[in-house]
Structure formats: structure tokens, C-alpha cells
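Peer 1: Curious how this folds, go ahead:
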Amino acid sequence: MSDTPYTPQPRNRLAEVAAGLRDFYSGPYRRTFARAQQDEDDLFLVIVMAEALGVPNPASYYTVELLPVVYDQFHDWHQRMGLDRSPLDHVSCC
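Peer 2: Have a look, this model is predicted:
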């Protein structure tokens, strides 16, 4: 055994400093970043579900493949939008 204390490698220490700085600078804005991400997700959901909501969607041929993925998030979305029930006749999640 050696009597010298453990000293972290320079790369590990640099990574720790970088993580600390990232938390320091982005920490106060986490809620803002989360809200912006939620808004982007809601917009994406509206674009994918546009045809089902009655809005003509020129990209419906490409977004139809995403419908099974979006159905899992649909209940949370319509509640965030202030709708008590699903606005779609064929999607009854409540």
C-alpha cells in the first residue's frame, strides 16, 4: 500500500468541474427549459394528430407512422390543453 492520497485524473476532475458549471449556470432555468420542451412536444403532438383533429395536414402521409407513439401521450396532452374529455371520437382515453 502506498501512503500517497488518491488524486483524481485530470480528465475526471475536468469533467466534474464541467458538470458543476453546467449545474450552476443552467440550474435556475431548469423549469424554463422543461416548459419549452413541453411546448415543443405539444406542438409536435398537434402536428401528428392534425388530421384526426380535423385540420388538413399536408404531411399526414409521413406522420401516420407516428400515431401509435403519440396515442400514449394523448391523455396528458388533452388535459394540459384544458379539455376534460378527448376531442376525438375514435380515441377515448378517459
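Peer 1: Just the helices from this protein, written as ranges.
Peer 2: Taking DSSP state H as the test, the helices found in the chain are 10-26, 30-53, 60-63, 67-80.
Peer 1: Name the residues of the shortest one that come out as buried.
Peer 2: Spelled out, it's helix 60-63. By 16 or more other CB atoms under 10 Å, the buried positions in helix 60-63 come out as Thr63. Every C-beta, even on glycine, is put in place using the N, C-alpha and C of the backbone.
Peer 1: from the chain's centre, how far out does it sit?
Peer 2: 21 Å (CA atoms, centre = their mean, to the nearest Å).
Peer 1: Likewise for the first one?
Peer 2: Here helix 10-26 is found 24 Å from its chain centre; the criterion is CA atoms, centre = their mean.
Peer 1: Also stretch 42-50?
Peer 2: 13 Å.
Peer 1: low-scoring stretches of this protein, by residue?
Peer 2: Where the chain drops to pLDDT under 70, the residues are 1-8, 87-94.
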